[in-house]
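1. pasting a predicted model and its sequence here:
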Amino acid sequence: MHPVISSKSVVSLTLALLLVLVIACGSTSPAEPQATSAPHSQPASTSAPEAQPAPTAIPDVEPTATPFATAVPTVPPKALSDAPALMLKAPEDNPTRGGVMQWAGLSDSPHFDMHQCNTAACAQPQGVYFDNLLRYSPFDGGKEVIPDLAYAWEVSDDGLVYTFHLRDGVLFHDGVELTSEDIKATFDRIIFPPTGMISPRQSVFEAVTEVRVVDPLTVEFALRAPRAFLPSAIASGWNVIERKQTLDDNDLDLKRVKPGTTTHPGTGPFILEDHQAGEFWKASRNPNYWNPELPYLDGIQHSHLAYGPATGAALITGRVDYVYGAGADLRDDIRQNYSDTHTVVVYPIPSIGGMFVNHESGPLGDPRVRRAMSIVQDRCAIKLAVAAIREIEVGTWIVPNDPDYGASYRADTLNAKPGYNCPATTEDVSLAQQLLADAGYPNGEGFPTLDLMVRDINFLVSPMAPMMQAFMKQSLNINSEIRVVHTSVWQEDRDQGNYDLAVNGTPTPLASTPAYWSAWFTTGSGSNWNRGSNNAEFDSLVAELIGETNPAKQQELTLQGAAMLEEWSPMILINHFTIIDGFANYLKGHGRANRVTLFNDIRFDTAWLDK
Amino acid sequence: MAGQSDLQVQPLPPTAGVLERFQNASVGLITFVRRYPVGAAGGILLVVILVVSAFAALFSPHDPLYVDFLSLGVAPSAQYLLGTDYEGRDILSRIIYGGRVSLQVSVLSVLLGSTIGALWGIASAFLGGRFDIISQRVVEIVMSFPALVLAMVLLVALGGGIWTVIVAIAVTRLPYGVRVIRSVALSIKELAYVDAARAMGASNFRIMAKHIAPQCFAAYVVLATAHLGAAIVIEASLGFLGVGITPPTPSWGNMLGGVIANTYKPIWWLVVFPGLAISITVLSFNLLGDSLRDALDPKLRGR
Amino acid sequence: MMLKYIGRRLLYSIPGLIGITIIIFLALRILPGDPLAILYGEGGRENLTAADIAEIKRQLGIDRPLYIQYADWMKDVATGKMGESFWRGDSVSELIIRRGPLTAEIAVIAVLVSWIIGLPVGILGAIKQNSFADYVSRFLTIIFLAVPSFWVAVLVVVASLLVFNYRPPLGIIQLWQDPFQNLQIVIAPGIVLGLATSAYIARMARTTLLEVIRDDYVRTARAKGLPERLVVMRHALRNALLPVMTLSGVLFGLLLGGSVAVETAFTVPGLGTALVQAFTERDFVVVQNLVLLYGIIFVFVNLSIDVAYAVLDPRIRYD
């Protein structure tokens, strides 16, 4: 067994902790503590921002025989309980206590059962009433997984058993103490949902065979294959800890039981005062919160405003302190006119936009054709064209949210690889034309007119489709006819293969690259909308990557996979989407200015009002 | 209009021939224009709107679905007279094509609703008795829903699509047809020649079809014209609330649907022009309808 | 006599109200979109097995025979509970109590505005028939009849935002909590709706007044040498008011429907926005109860107008 105390948001604490460990273990080389923390710092954001659930079927992988874990020192769990546990606090000195934060969100939760929900509409208003077993750090934009109700965890040598040590004396809102039975009940429900319950994140835990209670403050997850992203999956904002008693009392259905109350208690920093459907959530400070430092706020008023004039104007006129999901006009207004009082953050969400390709449709089955069509897309021009309305990120095969390789891969890709030059180069176009000629369609001769089906979801995808169409026409002489259709038609035609190219923009369930690839590009996956796409080599690479726990090997496989995708081009990937948040500068301690993705920090326990 | 003397169109006997009817009608039209210049202006405006909508392809400068990605949300200019929407589509063309949809929906729904309502009203008046009582109750029930809310309930039940919108609006127009035509038919029923026809052994159906229905026609025209405007407004409201005609097909209603939903600083040309189109059309319907009512059937005033 | 009349009218309205409930119930049960797709999001629905769906339907109580569901609803309505929202289980009666006041305020303001503006304009038009003022008022009336109120509402919202950077206060602030803030929420929607209905009132008032003025007894009064203003006020107006009042009742339906769109435009958290939200969420329990409420209000407003009519007009008999 090798112990790990994860931490890092408070650097000094971490260092002290590592020091304690090193001393306790005695026989470690200096490099190894570094390695021990590796599995804990992979924040695969296991979250689907909006409508998409996680239909991922992650392939079965045998445990790898030579994990790094053998080199790691072991410490008996006893030693851990004596170590100082991480207690979060605001990064600023002397945060002011008190005040009610006004928060403008979008639509209200459809129901009160977080485990059955997969939208921001649940996670945002209800997250403040709960804690998780582990959580994402609120200060680094949600990159790192840090302790929450478990103050420490450790992984067995073979990577098949995760042991979590719970904090002592954590109380639910009704005063009952948290035990490992509650953790087991929570994850049993998420991983092995009863009939009539849908668990959107079930597939992420597919390798977990059992959740075991060891003692009242220790719980174990047994896996049949190593999954390095398990801590990140656990930390997902929706996987809140429910009490076993609550689940039993309500016949395992919490859809109608308001959270943060004595009938549906959490352990979170806030207690529900009042909720009016579609109007607001009023939360007040939990005086018995296990972290005596937190929360600083006396309360949070979360109002549901219609997306549009209401949220932006409410922020600017000072009626709210924080706005989630604003538009480009608010972004520009704040940057131009309110930059001294307000801040706006634009961050990418794990998502993809572009053309899904029907591989069964004539020439589109040829990877050279798809790659040619992909290369001629001037992604940079598309980004500029829609900038006035919404900010998008140029799309690459590794999403920018991937904390490990996203940034570096993108740095290697943007302004370097064909299709990513800004402005587009003639070399790129010639390369694409050559590819098309090699496939038997010199100058697009004999190429059939394509049916370009566009999903009419918002004012962002529709204007992008004609640009994609124009680039194919002007550089490759490939003709296509745009067909804008309602969402239901889009889905139906997609499922029946009545399309050549299908334009859509959609959130992806996971930012973790292997899970993201598995969902969107492996053969037979429910979210693989590229009809008939089949690449056994890629499938086996993804399978290997998912089971891989060695970071160096992971990186190697990841870059290998990305290169494979560049050649293979299962779809014409254009962009990733972003979310725009705005907040008043006097709202501090929340770390949202560093935000890199959604739903990793939704608690506002460290936020405070400086006014 | 109230206060002016009513138009003297000779009431024709039910046996009048086609030629007489035509002569009567053309004399009526000239007199109508002279007597009711405002109503005639409304009528002319309406003809213009109808022609432009019917031949939308001739009049619209762009394809209503075409996206000019270099001109997303641009203000009115020489190229785009009324500007473009957030998706770079020409507002003017969308208004012209949207008018086609909106007018189609309103005309068909009013025709459907008023015709069924009128037939029902005639039957109710003529047959009387229990049928009449039950009919009146049903009409009362339907009328006790606000039209917009009733249409929304029906749309949720029937699902989206142009025909369901037409049916939903038609149902809200139905009770007016029943009520108004029933009262007209009731007064005709008492007239001597109906009694005469009955004495001669004519069947109920024959009396209704040959003697009562034609006499209700004027009231029917007045009624239908008066409700066209209302139907357009209901379609627009449904579109605004996001339950009407589904995009990307433009209608005046759904053009207003997203205007304030998507931005915090809405762009005014998205808001102003479709609303103006609705208002002008409804205005001309109302002007024509009022004058028609005064001319054809002063008894209906205020209904 | 009067009480008996009211009692009988109430009794008469019961079959109508039952009819209303049946229509609502059936309409919402024929083809209810797919509530589960709304609940579980796009894609989530497909992951449910038949057993899951059966279990969820059981939890929601939509697996039982229709007549039992209907009977349950009627029981709820009779006890004033009005049921619980499909998804979150919120009490619908609480929702109505909370949001109703805002909508009621808007309706009251609208009715007041429609009378305050509509009546004088109509009277003016009738007294000074064919004068310049008459033409102007008729012109404005006909314009207001044509302009959809929700569009005016959107224009007001956009203009106040762009020109004054103004937004009304957020959320529900009741009149008794903070009258000033409360009025900021309800005044604009009330006036917009009131203006729309005032045009109908003005037109009706003018028409009926003109008819009444030509009547014999007004002529007699005039012949007796009473001053013109007195003739209008005492004799003509009183008789002209009755049809205007009836119209006001009919218009109340228009107003209730219009308030749904106008509340949405102004984002007033009243019953109208709750109804729209329930429609988008396919929350049938909320929809059916709110629509029923609209029906009941409409029926009773018109019933009270009939009663008032009977009181004011001695020519009407109570049978």
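-> That came in fine, so what should we check first?
2. A:Asp366 contacts A:Asp438, doesn't it?
-> No - contact criterion C-beta atoms under 8 Å: A:Asp366 and A:Asp438 do not qualify, at 9.1 Å. In short, each C-beta sits where N, CA and C put it, glycine included.
3. more neighbours, those two?
-> The neighbour count for A:Asp366 versus A:Asp438, taken as other C-beta atoms under 10 Å in any protein chain shown, is higher for A:Asp366 (17 against 13).
4. which residue comes closest to that one once chain neighbours are left out?
-> Distances taken as C-beta to C-beta, 6 or more residues apart in numbering or on different chains put A:Ala439 closest to A:Asp366, at 4.7 Å, once the chain neighbours are dropped.
5. ok, now A:Arg410?
-> Using C-beta to C-beta, 6+ apart, the nearest residue to A:Arg410 is A:Thr396, at 5.3 Å.
6. could I get the pLDDT score of that neighbour?
-> Looking at A:Thr396, its pLDDT reads 92.
7. for C:Phe180, give me the pLDDT.
-> Taking C:Phe180 on its own, its pLDDT is 87.
8. count of residues packed around it?
-> 9.
9. just A:Asp274 next, same as before
-> Quick note: A:Asp274 (other C-beta under 10 Å) scores 12 neighbours.
10. surely it meets A:Lys282?
-> Yes - taking contacts as C-beta under 8 Å, A:Asp274 lies within contact range of A:Lys282: 4.3 Å.
11. grab the nearest non-local neighbour of A:Leu609.
-> A:Gly99 (3.9 Å).
12. distance of the one you found from A:Gly589?
-> Look at A:Gly99 and A:Gly589: by C-beta to C-beta, to the nearest Å, they are 12 Å apart.
13. kindly report the same for A:Val100.
-> 15 Å.
14. which residue of those two possesses the greater neighbour count?
-> More neighbours surround A:Gly589 than the other of A:Val100 and A:Gly589, with 25 against 16 (other C-beta under 10 Å).
15. could you say which helix or strand contains the closest residue to the more buried one other than its chain neighbours?
-> Distances taken as C-beta to C-beta, 6+ apart put A:Ala90 closest to A:Gly589, at 3.6 Å, once the chain neighbours are dropped. Counting by DSSP states H and E, no helix or strand carries A:Ala90.
16. quick one: contacts for A:Ala90?
-> The contact partners of A:Ala90, by C-beta atoms under 8 Å, 6 or more residues apart in numbering or on different chains, come to A:Tyr296, A:Lys588, A:Gly589, A:Thr606, A:Ala607, A:Trp608.
17. pick the one among those residues closest to chain C.
-> Set against chain C, the nearest of the contacts of A:Ala90 by C-beta to the nearest C-beta is A:Ala607 (19.6 Å).
18. and that closest one, how many neighbours does it have?
-> Residues near A:Ala607, counting by other C-beta under 10 Å, number 27.
19. where along the stretch 151-300 of chain C do the helices fall?
-> Ranges of helices in the stretch 151-300 of chain C, per DSSP state H, counting those that start in this stretch, are C:179-213, C:216-223, C:228-230, C:237-266, C:271-280, C:284-312.
20. can you tell me which of those helices is most buried?
-> Across those, averaging neighbours per residue (mean count of other C-beta atoms under 10 Å in any protein chain shown) puts helix C:271-280 on top, at a mean of 24.
21. counting contacts, what elements does that helix pack onto?
-> Applying 3 or more C-beta pairs under 8 Å, 6 or more residues apart in numbering or on different chains; DSSP states H and E, one finds that helix C:271-280 contacts helix B:147-158, helix C:92-127, helix C:237-266, helix C:284-312.
22. 7 Å instead?
-> Here helix C:271-280 touches helix C:92-127, helix C:237-266, helix C:284-312, going by 3 or more C-beta pairs under 7 Å, 6 or more residues apart in numbering or on different chains; DSSP states H and E.
23. can you check which of those helices gets nearest to chain B?
-> Distance to chain B, taken as C-beta to the nearest C-beta, is lowest for helix C:237-266 among those, at 3.0 Å.
24. so the closest one, near chain A or not?
-> No - for a cut-off given as C-beta under 7 Å from any C-beta of the partner chain, helix C:237-266 has no contacts with chain A; the smallest distance is 8.3 Å.
25. circling back to that earlier point, which pLDDT value goes with the residue nearest to A:Gly589?
-> 89.
26. closest residue of the stretch 1-150 of chain B to chain A?
-> The stretch 1-150 of chain B approaches chain A most closely through B:Tyr86 (4.0 Å), counting by C-beta to the nearest C-beta.
27. count of neighbours near B:Leu72?
-> A count of neighbours around B:Leu72, defined by other C-beta under 10 Å, yields 22.
28. quick check: closest non-adjacent residue to it.
-> Once flanking residues are discounted, B:Leu72 sits nearest to B:Gly88: 4.5 Å by C-beta to C-beta, 6+ apart.
29. need the helices and strands packed on helix C:271-280 in JSON lines with distance to B:Pro146, can you?
-> Shown next, in JSON lines, are the helices and strands packed on helix C:271-280 (distance: least, C-beta to C-beta, whole Å):
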{"stretch": "helix C:92-127", "distance to B:Pro146": "11"}
{"stretch": "helix C:237-266", "distance to B:Pro146": "3"}
{"stretch": "helix C:284-312", "distance to B:Pro146": "6"}
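30. wait, a helix at A:Trp153?
-> No - using DSSP: H, G, I helix; E, B strand; the rest coil, the secondary structure at A:Trp153 is strand, not a helix.
31. just checking, it touches A:Leu166?
-> No - using C-beta atoms under 7 Å, A:Trp153 is not in contact with A:Leu166, being 10.1 Å away.
32. low pLDDT regions in chain C?
-> Across chain C, the ranges flagged by pLDDT under 70 are C:1, C:30-48, C:215-218, C:226, C:228-229, C:231-233, C:313-319.
33. what of chain A?
-> A:1-84, A:142, A:306-310, A:457-460, A:508-511, A:596-601.
34. OK, now which residue of it is nearest to chain C?
-> A:Gly196 (2.6 Å).
35. for that residue, what are phi and psi?
-> Phi and psi for A:Gly196, reported as degrees, to the nearest 10, are phi 90, psi 0.
36. A:Glu220 now?
-> Reported as degrees, to the nearest 10, the phi and psi values for A:Glu220 are phi -120, psi 140.
37. quick one: secondary structure of A:Thr263?
-> On the basis of three-state DSSP, A:Thr263 is classed as coil.
38. the residue lying closest to it once chain neighbours are set aside: how many residues sit nearby?
-> Closest residue to A:Thr263 apart from its sequence neighbours, by C-beta to C-beta, 6+ apart: A:Val257 at 5.7 Å. Counted with other C-beta under 10 Å, residues neighbouring A:Val257 total 17.
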